[in-house]
Every structure is written in structure tokens, then in C-alpha cells.
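Q: I'll drop the sequence and a predicted model, then ask my questions.
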Amino acid sequence: MVRVGKYHFLFHPDQVEEVLETHADRFERVASERRVSGRLVDDALFASEGERHAGQREVMEPVMYRHAPEALAGVVAQLGGWMRDSLSEGQTMDLFQWTESTTTTEMVQLLFGLEPADPGGRRMAGLIREAIYAMDHIFLGFSRIPDHVGPLMSRFRRARAELDRAIAAVISERREAGSGDGDILGMLAGSGLSEVEIRNELVTLFRGHQAVSTGLTWTFYQLASLPEVESRMHAEIDAVTGGGERLPGPEDLDRLDYTRRTFQESLRLMPPAWVLARLCVQDHTVGQYVVPKGAQVLLTEWVTHRDERWWADPSRFDPDRFTPEIESKRPRYAYFPQGGGPKMCMGKHLVVPVEAPLLLAAVAGRWRMRLAPGFEMELAPKATLKPKHGIRVVVERRA
């Protein structure tokens, strides 16, 4: 543990496990983070604590941990084809902007069942992007300055109001038509949640899903400079899809093992949620130290994921770190890109085992990304770890 002022940095996997799981009741999300998130999602999962949070997870976990991964895998596969077909030979683009745009469209279908090419789907994607952009650019609320202060607050209020009306209309239409299980809205329609609660959880899932676009960005960025890893992943995809022309489907997931591990290794070196903050609400002993009530605790994936005690040659990109044999030799919380415990990411069982391999395989079956001449990447470690000026790439068709 390292203490800097009121902040206590915890790096050891055992300490991380205590905060996130074993003694999670002693550590809450910091109030400022909950306040900022609450502007968009009220008291949904991402902004709630205590009994309220536990009750919400009781509703959401069966949907997101058990039902959604299997039910939505086919939709994810189709959307992978849509991502693949959106590219062209020789195209120069911002890789991060492309992944963010295409996965936003993907989530609109997964969440609401709205087709990406339809006006309703495009409008919903635009409204969500606008609301999140406006929220991210208003005053962050880390002091006692009222929320209404700031030139962008009126823009955010308008964006949220438009988004609320659009989501309410979709929920009302779906409830009149009867619930289905082809998207998450259909899965929640019969859960007993109110329309407002469904709206809040859907937007929460969307906001959390932004880590998918960031994770895909960093994976393609790594592959652009790692020909041996890229070739091995391409060989696996070709073996599964007959040369890359057939879209991979849910039935192929078990055979896309190296592709999944490549994404996992990317999350190790470039974790989208690179630091987690918690407020200690009860004195907690860590070894010979006491973290006092009211202190802020920071868990840094960026540091723990690079600790030589758990990762041999930690700066080297090696997907084989995630074979079952090697994984079993590491402490459980030496790797926690999606958090853990009762506040673990709701998409944990959808993103890594289903979405990432299907989307990567669909795109990489036909295309490879090459960094544009002269491009130099800079990090922007804010709420999520993003490229400061995007990532300029040239799209090449695979031979």
C-alpha cells in the first residue's frame, strides 16, 4: 500500500480482493462519481449503493450473466458482419472513432432491438451519444458548486429530455406488443421494473459498454505492430471460417480461443477502466496499515497488471498468459479489468467470451489495420483510458 495525502493506493491482488469482494461493504463508490453518473442514470446500478444496489443486481444478474450471452450471440455475430462491411480497401480513418461509432450502433440493437440501418436506430444512437457527450463535458461536480452552474448544463438537460422521451416511447411500444428475448429491453420488460427503472438500467448498460469500443481499439492498435500475434490470430480465424469469408457465429466461440485471449491480453496492458476509486466507510486494516473511515482508496489495474510478481516480462504482449494452465497459477485479482465482487461489470459474461471474439473475428477475417505513416499515439487517462488524438490507421484487405 502507498499513501499520498488522503489517497491510499492498493496494488497487491489480495488487497484488491478485500476491497472489491471480501469486505466490499466497507468500500463504496466515491460520492462525486455517483453524483456525476446519477445525472444521466439517476439511482441505477452504476450510481447506487447498499440495499438499493443489491436489489437491482438481483434483477439484472440473471439477465446479464445467464440469459443475455446465449440469447444475443447471434445478433452480435450479425453486427460483426455489419462492422466488417463498413470498411473499404485503403481507407484511412480514426480507429477509435470507428469502433466507438460501430459499437454504439451495435448496442442500440442489443439493448432496444432497433435495427442499425433504420431511422429509429440511427436516431437513438445519436441521442445517446449526445447525452453522454454533454454530460462528460459539463462541470464534473467534485465540489459543492450546484449542478445548474456551467454553460453546458442546459445542453445536457435538453439532450437527456430528448433521450428520455425516445426511450419511453420504445418501452411503451414493446410492452404493448409483448416482451421478447431478442434484446435486453425484452428481457427486462417482464422483470417487474418500472419504465423509469428499465430506462435507467438500459442507459447504464450502454455507458458501461463504452469499454468495449475502447478495448477493441487497443486490440487492433496492438495487432498493427505485432505481426506474429496477428498472424496466429488470423490463422485461427481462417481455420474456423474457411478463409475468413464466412462470418463466425455463436457455434464457433469455443474455437476462437486465441482470438479471445488476444482481447484479454489487450485489456491487461491497456485496461479501459485503468483505476477504480472507492470510499472507505469503515476503518479497514491492510497488513500493518489502517485505512481510516473517510479515506479514498485507489485500485490501479495499470500497475497491478504490470507487476512482475504475477506477470513474467510484463511489458510483452502475450495472449498465452490466459491459457487455463497459466491463469491457475496467478492470484485471482492480479487481473481485474472489469472489476469484481458485488459491483463487477454487468457485461462480464457477454463482452469477453462472446462479443470480443465474434467482432474481432468478423473484422480480422477480411481486414488488417496498419498505423498511418507518421502517427504517434498519446494516452488520455481520464475516466477511461483512451487515445488522446485518436489512432490513425490505414485499412488493408488481407490477401
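A: On my side now, so go ahead. Numbering: from 1, shown residues only.
Q: For the chain, give me the ranges with low pLDDT.
A: Under the criterion pLDDT under 70, the flagged ranges of the chain are 34-37, 138-151, 179-180, 244.
Q: Spatially central, which residue of it would that be?
A: Of all residues in the chain, the one closest to the mean position by Cα atoms, centre = their mean is Ala211, 2.6 Å from it.
Q: Would you mind measuring from the closest residue to that residue other than its chain neighbours to Leu185?
A: Sequence neighbours aside, Pro272 is the residue nearest to Ala211 in space, at 3.9 Å (criterion: Cβ to Cβ, 6 or more residues apart in numbering). All C-beta spots, glycine's among them, are computed from the backbone N, C-alpha and C. Computed as Cβ to Cβ, to the nearest Å, the Pro272 to Leu185 distance reads 25 Å.
Q: if we can go back for a sec, tell me how far the helix or strand harbouring the residue nearest to the centre of the chain lies from the chain's centre.
A: Using DSSP states H and E, the element containing Ala211 is helix 195-223. Mean-position distance between helix 195-223 and its chain equals 4 Å (Cα atoms, centre = their mean, to the nearest Å).
Q: Give me the buried positions along it.
A: By 16 or more other Cβ atoms under 10 Å, the buried positions in helix 195-223 come out as 197-223.
Q: before we move on, what about stretch 248-260?
A: Under the neighbour-count rule (16+ other Cβ under 10 Å), stretch 248-260 has Pro248, Gly249, Pro250, Asp252, Leu253, Arg255, Leu256, Tyr258, Thr259, Arg260 buried.
Q: Let's see which of the residues you listed end up in helices.
A: Among the buried residues of stretch 248-260, the members falling in helices (DSSP state H) are Tyr258, Thr259, Arg260.
Q: which one of those residues is nearest Ala169?
A: If you rank those by distance to Ala169 using Cβ to Cβ, Arg260 comes first, at 37.2 Å.
Q: Tell me which residues touch the closest one, please.
A: Under the criterion of Cβ atoms under 8 Å, 6 or more residues apart in numbering, the contact partners of Arg260 comprise Leu253, Phe322, Val352, Pro353, Ala356, Pro357.
Q: So which of those are in helices?
A: When DSSP H defines the helices, the subset of those inside them is Ala356, Pro357.
Q: which two in the contacts of Arg260 are spaced the farthest apart?
A: Maximum distance among these (Cβ to Cβ): 15.0 Å, for Leu253 and Phe322.
Q: Got phi/psi on the residue of the chain most remote from its centre?
A: Checked against the mean C-alpha position of the chain, the extreme residue using Cα atoms, centre = their mean is Gln288, at a distance of 35.1 Å. Dihedral angles phi and psi of Gln288 (degrees, to the nearest 10) take the values phi -90, psi 0.
Q: now swap in Glu28 and tell me
A: Note on Glu28: backbone dihedrals following degrees, to the nearest 10 are phi -110, psi 160.
Q: That one - how many residues pack around it?
A: 18 (other Cβ atoms under 10 Å).
Q: cool, Ile132 as well?
A: Around Ile132 there are 19 other residues, counting by other Cβ under 10 Å.
Q: For it, which non-adjacent residue is closest in space?
A: Closest residue to Ile132 apart from its sequence neighbours, by Cβ to Cβ, 6+ apart: Arg207 at 6.5 Å.
Q: That neighbour and Pro69, how far apart?
A: Counting by Cβ to Cβ, the separation of Arg207 from Pro69 is 20 Å.
Q: With Thr300 instead?
A: Using Cβ to Cβ, Thr300 is found at 29 Å from Pro69.
Q: Between those two, which has more neighbouring residues?
A: Neighbours were tallied for Thr300 and for Pro69 using other Cβ under 10 Å; the higher tally belongs to Pro69 (20 against 17).
Q: Can you say which helix or strand has the more buried one in it?
A: Pro69 is part of helix 68-85 when elements are defined by DSSP H and E.
Q: what ranges do the strands span in the stretch 201-350 of the chain?
A: Listed from the start of the chain, the stretch 201-350 of the chain has strands (DSSP state E, counting those that start in this stretch) covering 275-280, 284-286, 289-291, 296-300.
Q: Tell me the spacing between the residue lying closest to Asp94 once chain neighbours are set aside and Leu163.
A: Here the nearest residue to Asp94 in space, its sequence neighbours aside, is Gly390; by Cβ to Cβ, 6+ apart that works out to 3.8 Å. Gly390 is 25 Å from Leu163, where distance means Cβ to Cβ.
Q: List the residues that contact the spatially closest residue to Phe263 that is not a sequence neighbour.
A: Nearest residue to Phe263, sequence neighbours excluded (Cβ to Cβ, 6+ apart): Ala356, at 4.0 Å. The neighbourhood of Ala356, defined by Cβ under 8 Å, 6+ apart, consists of Val212, Gly215, Leu216, Thr219, Thr259, Arg260, Phe263.
Q: would CSV of those residues with distance to Phe336 be doable?
A: Shown next, in CSV, are those (distance: Cβ to Cβ, whole Å):
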residue, distance to Phe336
Val212, 17
Gly215, 14
Leu216, 20
Thr219, 18
Thr259, 22
Arg260, 17
Phe263, 15
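Q: Number of residues surrounding Glu396?
A: As a measure of burial, Glu396 has 14 neighbours, counting by other Cβ under 10 Å.
Q: what residues are up against it?
A: When the contact criterion is Cβ under 8 Å, 6+ apart, the partners of Glu396 are Glu89, Gly90, Trp367, Arg368, Met369, Arg370.
Q: Among those, the buried ones, what's the ChimeraX command?
A: When burial is assessed using 16+ other Cβ under 10 Å, the buried subset of these is captured in ChimeraX by this command:
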select :367,368,369
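Q: what are the ranges of the helices in the stretch 101-250 of the chain?
A: In order along the chain, the stretch 101-250 of the chain carries the following helices (DSSP state H, counting those that start in this stretch): 119-137, 153-177, 184-189, 195-223, 227-241.
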